[in-house]
Each structure stands twice: as C-alpha cells, then as structure tokens.
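Engineer: Structure, please.
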Amino acid sequence: MEIHCIYGRDWDSNVYIILGEKPTIIDAGTGLHSREVINKINEFIDLKKITQIILTHEHFDHCGGVKHLFDATDSKAKIMAHIDASKKIEQGESHFARMLGSTMPKIQIDVKVKEGDAIKIGDETFTVLHTPGHTPGCICLYSEKSKSLISGDTIFSNGSFGRYDLPGGNPDHLRESIERLSKFDIEHLYPGHETIVEGNGNKHMAMTLKNIQYLI
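Structural biologist: Residues are numbered from 1 along each chain as shown. Just a heads-up that it's a prediction; the model follows:
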C-alpha cells in the first residue's frame, strides 16, 4: 500500500493520500490551511485523479477542509462518511469552527457507510469498523492484507486515544471500541493526529488498551 501522510498543522487532523487503483484521501483538516494541503497532495498525485474522500468522523478538524479538496477534484470525488456522522456534516454545524473564527462547510455525503462495508482504497480492500466513543459517527478502516488500521480519533500512537468529554462522546463506548480493535492484528497504524506507526502497531494498540482500561 502506498500511503502518504500530511501531518496536521495547528488544529488540523492528519490528511492521508492513498495511491493505487482507487486514489483516496482520508480526512481533510479544518480548511484553515487548505492551500498548503492541496499543494502537498498535488506533489503526490493530481487531485483531479482522486476518486473518493473518506471522513473518519464529523468533527471540524477532520472535515472543515472537505469542500476545498472536493472542489480541487473538479467536484468529481465521492464524499464518504458513516451514516451517524453524515447529518452533522451535511448541516455544516460546528461550535468548534466558530471558536476558530471559521465555518463548517455544508457538503453532501455521497456514500453513507456502515459497519462491515468493504471499500476499495488504493489497491486494497478495507473494512469499515464503526467505533463510537469519541463521536457517534467515528469509523476506523482495516486492511487484512497489509494489517493496516486507519484509526481516526479512536486510537493514536504511544498509547493515547481520542477525547470522550466533548458533545457526543461516551467513555464506555470508546473503551468498548478500543477493546474490539485490540483483537485485530495491526502492523501499521495511521491515526487522525500524532505520528504514524509503520511496523509493530500491535504494541501501540496494547498500550492504548491498557491505558483506557485503567482510566475507565
């Protein structure tokens, strides 16, 4: 799998570009730095060749820039998100965006995914895992072939995990989601923030599981 990470700046999430048969972008940042993000993506691939943009959940720091990226694809890419995240994204409502002096764009979700859906991303098939806890609409994406987990804000590297004290968060649901993820064989971990892990992802997963079980 050929995957490139644009690490988040300020409040932005990480943005991932996955190349191959189905060129895909995962998450879009706040939109406050979209010009830089678009320029960086174009170093890897012409944005007009991107076929789909997948949003791991409904928070502004992950989907505020989606309209900019969508427009840069000549409005051809399909926008995808979990069914429980789609309503908020389509309504364009975000208190966090207003705090940053910005607005959440209203954008139609073309494909509303659910637990167990199979999505071709790049050259691999990923399974949609519904992992609520950080938000109701959080998803992770897992490839059995490369043992890769795109984890959004459910788990991060070095034993950390997403907040559960924001509106829509639920600590019990987050713990259950992390316990479920711990049963997967994870070699590569691509989180929504912080550093990526390529190799030995299970070690980071085990640390996260231990930490959340201790705290919750």
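Engineer: Now do the same for stretch 82-100: mean pLDDT, whole number.
Structural biologist: Averaged across stretch 82-100, the pLDDT comes to 89.
Engineer: which residues are in contact with stretch 64-80?
Structural biologist: Identification of contacts with stretch 64-80 by Cβ atoms under 8 Å, 6 or more residues apart in numbering yields 12, 15, 25, 28-34, 37-38, 41, 47-48, 50-55, 89, 94, 97, 102, 104-105, 107-113, 119. C-beta coordinates here come from the backbone N, C-alpha and C atoms, glycine included.
Engineer: With stretch 39-50 instead?
Structural biologist: The contact list for stretch 39-50 (Cβ under 8 Å, 6+ apart) reads 4, 6, 15, 17, 19, 23-25, 38, 69, 72-74, 76-77.
Engineer: Now the buried members of those residues.
Structural biologist: Buried members of the contacts of stretch 39-50, scored by 16 or more other Cβ atoms under 10 Å, are 6, 15, 17, 19, 23-25, 38, 69, 72-73, 77.
Engineer: got the CA coordinates for stretch 9-21 in CSV?
Structural biologist: Extracted in CSV, the C-alpha atoms of stretch 9-21 (Å, rounded to 0.1, in the frame of the first residue of the first chain):
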residue,chain,number,x,y,z
ARG,A,9,-0.8,21.8,11.5
ASP,A,10,-2.3,23.7,14.4
TRP,A,11,-5.8,22.2,14.9
ASP,A,12,-5.8,20.2,11.7
SER,A,13,-6.1,16.4,11.6
ASN,A,14,-3.6,14.4,9.6
VAL,A,15,-4.6,14.0,6.0
TYR,A,16,-3.8,10.8,4.2
ILE,A,17,-3.3,10.2,0.5
ILE,A,18,-3.5,6.6,-0.6
LEU,A,19,-2.4,5.9,-4.2
GLY,A,20,-3.3,3.0,-6.5
GLU,A,21,-6.4,1.8,-8.4
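Engineer: in that stretch, what counts as buried?
Structural biologist: 11-19.
Engineer: just stretch 44-60 next, same as before
Structural biologist: Applying 16+ other Cβ under 10 Å to stretch 44-60 flags 45, 47, 50, 52-60 as buried.
Engineer: Turn the residues you listed into a markdown table, columns for distance to R180 and pLDDT.
Structural biologist: Formatted as a markdown table, the buried residues of stretch 44-60 follow (distance: Cβ to Cβ, whole Å; pLDDT from 0 to 100):
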| residue | distance to R180 | pLDDT |
| --- | --- | --- |
| I45 | 33 | 98 |
| L47 | 34 | 97 |
| I50 | 30 | 98 |
| Q52 | 25 | 98 |
| I53 | 26 | 98 |
| I54 | 20 | 98 |
| L55 | 21 | 98 |
| T56 | 16 | 98 |
| H57 | 16 | 97 |
| E58 | 20 | 95 |
| H59 | 21 | 95 |
| F60 | 26 | 95 |
